[in-house]
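S.K.: next input, structure requested:
(one chain, ligands or ions: 1)
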Amino acid sequence: QVPLQHGAHRIGKRTDADMNRWRDYGLGEFIHMGLYSILGGDYNSMHYDGAAEWIRSWNKLPHEVYDNLYKKFDPKNFDPEVWARMAKNMGVRYVTITTKHHDGFCLWPSKYTDFNITKTPYKKDMIGPLVKAFDQAGIDVYLYFSVMDWHQADWRYDLKTVADSVAFNRFKTFTKNQLTELLTLYPQTKGLWFDGTWDNSWKKSGAFSDSLDQYLKKIHPGLIIGSRLRADDYGNRHFDANGHLMGDYEQGWERKIPSDYTATRGNDWDCIMTIPQNGWGYSKTWMGHWKTPYELIEMLAKCVSLDGNFVVNFGPKGDGTFRKKELQTADSIGAWMKVNHEAIYNAGYLNWTKQDWGYYTRSRKDGKIYMIVFNVPINGALKVSPAKKEHIKKAYLLQDNKTLHVEALDGNDVFIQLEQKNQQEPFVIVLETGQGGQAVEGENKHV
Ligand SMILES: COc1ccc([C@@H]2N[C@@H](C)[C@@H](O)[C@H]2O)cc1
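M.R.: Predicted coordinates for the structure are as follows:
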């Protein structure tokens, strides 16, 4: 064990009520809205092929052109109730909204910089109405905040000179002030989602990141902060020099999902995912493959089966509306969740052997076991190998309670026989199990 002042202060999961609520979310939504939403990845009829919210870093776009976009920022058709209803219908239980991305533009009336929404034609605060609308819809709100701030003269990528450190100390104070402002203006906020913390300047500020984390939780008890905020004494991020997670959950799964349970290291975690291949802010022309609702539902099932949450990102247009394909995606996921949410909400990992047909989840409320089926075998027989002392007593379709035939195999394995094999979308089977005792009777019991 390396002695650390600013490594993990808690070993193992955080288990208070706020964190237990976070663990049970299952499905979430991310929203990226900012000046970049105006351009949609294009400038001067050229298309930037990077992530649209990074267009300011494109050498074909002069910084002062980008930074003057605030003069055009006017989401005329923005309606927080519409955003909240879309999320509610999709079945999400938490939403993370960008308050300030790397470009430094603030969607709230910050008194620490004029580069904020009150100086735009729109003038009004967007964060307050969104927090209120989501909160009233029963959706927990988290605020995305980029530490890296390209607009602030005191931002530094590295600390090479005394002057760098003097400037960066001013920057740290600015950052702490803005975060205090956000938590004071929007007390319903359940957590902060930090980004832009990979540069050397921040890696050398482990002590500050630790004291900031503790300060924010002191002024906002219960606040949830992932592992992307802190650096330890040696600049390690997410996991300290002793391999312990620094944060309330692992926040590294961006556009990727753990391969198996081992890869989660037993921590809480969530995966944030773009619907296109990459790109978080609105892009007029989507590059590459647009994930279907089927693919997103399979990612959701996989995340929950590995004790994580799954968060789908949306990038509204500069006028404050969502593109049609995003609305359709939210609708399709919502339709599936209406029927199958029992297998997703308050559910998590089950230590049974993974089978080809799909994923197991187990309810944290009543221990019920769910099979989320994506691949039906040609013979319609779904293999289930319960853990040693667990036996399948009954199997039925969640959508219509139809009991399915269970055939005992060797040991306490079973085949669950599907009567029809032409399902058009993923479906859920509920398993009722008994500890010990007699397995389900099978006609041709193998001896
Ligand atoms: C590969 O480097 C990056 C840096 C920043 C990001 C930002 N994190 C996501 C949550 C988006 O905000 C993206 O701009 C993504 C990849």
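
S.K.: all contacts plus neighbour counts: C-alpha atoms, from now on.
M.R.: Noted.

S.K.: count of residues packed around the closest residue to residue 348 other than its chain neighbours?
M.R.: What sits nearest to residue 348 in space, not counting adjacent residues and going by C-alpha to C-alpha, 6 or more residues apart in numbering, is residue 307, at 4.4 Å. Look at residue 307: counted by other C-alpha atoms under 10 Å, it has 24 neighbours.

S.K.: for residue 307, give me the pLDDT.
M.R.: Predicted confidence (pLDDT) for residue 307: 98.

S.K.: same thing with residue 388?
M.R.: 89.

S.K.: so in the chain, which helix runs the longest?
M.R.: Identified as the longest helix of the chain according to DSSP state H is helix 162-185.

S.K.: contacts for that helix next, please.
M.R.: Residues from elsewhere that reach helix 162-185 (C-alpha atoms under 8 Å, 6 or more residues apart in numbering): 110, 112, 128, 147, 152, 154-156, 158-159, 189, 201, 212, 216, 220.

S.K.: tell me the contacts of residue 112?
M.R.: The contact partners of residue 112, taken as C-alpha under 8 Å, 6+ apart, are 174, 177, 178.

S.K.: and the strands in the stretch 251-400 of the chain?
M.R.: Along the stretch 251-400 of the chain, the stretches classed as strands by DSSP state E, counting those that start in this stretch are 269-273, 308-314, 347-348, 358-363, 369-373, 381-384, 390-397.

S.K.: looking at these, which is nearest to residue 136?
M.R.: Nearest of the strands of the stretch 251-400 of the chain to residue 136, taken as C-alpha to C-alpha: strand 308-314 at 20.1 Å.

S.K.: mind saving the C-alpha coords of the closest one as PDB?
M.R.: Extracted in PDB, the C-alpha atoms of strand 308-314 (Å, rounded to 0.1, in the frame of the first residue of the first chain):
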ATOM      1  CA  GLY A 308     -24.400  -0.800 -13.900                       C
ATOM      2  CA  ASN A 309     -26.700   1.900 -15.300                       C
ATOM      3  CA  PHE A 310     -27.000   2.800 -19.000                       C
ATOM      4  CA  VAL A 311     -27.200   6.500 -20.100                       C
ATOM      5  CA  VAL A 312     -28.200   7.500 -23.600                       C
ATOM      6  CA  ASN A 313     -27.100  10.800 -24.900                       C
ATOM      7  CA  PHE A 314     -29.200  13.300 -26.900                       C
END
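
S.K.: and it, what does it pack against?
M.R.: strand 27-31, strand 269-273, helix 293-305 (3 or more C-alpha pairs under 8 Å, 6 or more residues apart in numbering; DSSP states H and E).

S.K.: can you add mean neighbour count and give the ones you listed back as a markdown table?
M.R.: Below are those laid out as a markdown table (neighbours: other C-alpha atoms under 10 Å):
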| stretch | mean neighbour count |
| --- | --- |
| strand 27-31 | 24 |
| strand 269-273 | 25 |
| helix 293-305 | 23 |
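
S.K.: mind putting those in TSV, distance to residue 136 included?
M.R.: Compiled in TSV, those are given as follows (distance: least, C-alpha to C-alpha, whole Å):
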stretch	distance to residue 136
strand 27-31	16
strand 269-273	24
helix 293-305	25
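
S.K.: for the ones you listed, which one sits closest to residue 88?
M.R.: With respect to residue 88, and counting by C-alpha to C-alpha, the nearest of the helices and strands packed on strand 308-314 is strand 27-31 at 10.2 Å.

S.K.: give me the contact list for the helix or strand following that closest one.
M.R.: Note on strand 27-31: by DSSP states H and E, the next helix or strand toward the C-terminus is helix 36-39. With contact meaning C-alpha under 8 Å, 6+ apart, helix 36-39 is reached by 52-56, 69, 73, 281-283, 315-319.

S.K.: element containing residue 430?
M.R.: Using DSSP H and E, residue 430 maps to strand 427-435.

S.K.: residue 54: how many residues sit nearby?
M.R.: Here the count is done by other C-alpha under 10 Å, and residue 54 has 18 residues near it.

S.K.: adjust the sequence numbering to begin at 442 for everything that follows.
M.R.: In the new numbering, first residue 442, that becomes residue 495.

S.K.: so what's it closest to, chain neighbours aside?
M.R.: Counting by C-alpha to C-alpha, 6+ apart, residue 495 lies nearest to residue 477, which is 7.7 Å off, once chain neighbours are set aside.

S.K.: state the pLDDT value of the one you found.
M.R.: On pLDDT, residue 477 comes in at 98.

S.K.: how close does it get to residue 507?
M.R.: Separation of residue 477 from residue 507 (C-alpha to C-alpha, to the nearest Å) stands at 8 Å.

S.K.: overlap in contacts of these two?
M.R.: residue 497.

S.K.: the more surrounded of these two?
M.R.: Neighbour totals were compared for residue 477 and residue 507, and residue 477 leads with 28 against 17 (other C-alpha under 10 Å).

S.K.: how far away is the more buried one from residue 756?
M.R.: In terms of C-alpha to C-alpha, residue 477 sits 10 Å off from residue 756.

S.K.: overlap of the contact sets of the two?
M.R.: Joint contacts of residue 477 and residue 756 (C-alpha under 8 Å, 6+ apart) are 722, 723.

S.K.: among the contacts of helix 603-626, which two are most distant?
M.R.: The farthest-apart pair in the contacts of helix 603-626, when distances are taken by C-alpha to C-alpha, is 569 and 600, at 35.2 Å.

S.K.: thinking again about what came up before, are any of the contacts of helix 477-480 buried, and which?
M.R.: For the contacts of helix 477-480, a neighbour count by 16 or more other C-alpha atoms under 10 Å gives the buried set as 493-497, 510, 514, 722-724, 756-759.

S.K.: out of the residues you listed, who's nearest residue 481?
M.R.: Scanning the buried ones among the contacts of helix 477-480 for proximity to residue 481, where the rule is C-alpha to C-alpha, the winner is residue 724, at 4.0 Å.

S.K.: what sits against the residue nearest to the closest one when sequence neighbours are not counted?
M.R.: For residue 724, ignoring the flanking residues on the chain, the nearest one in space by C-alpha to C-alpha, 6+ apart is residue 481 at 4.0 Å. Residue 481 is in contact with 493, 722, 723, 724, 725, 726, 758, 759, counting by C-alpha under 8 Å, 6+ apart.

S.K.: what's across from residue 484 in the sheet?
M.R.: Counting by DSSP bridges, residue 484 is bridged to residue 487.

S.K.: most tightly surrounded among the strands of the stretch 692-841 of the chain?
M.R.: Comparing the strands of the stretch 692-841 of the chain by mean neighbour count (mean count of other C-alpha atoms under 10 Å), strand 788-789 ranks first with a mean of 28.
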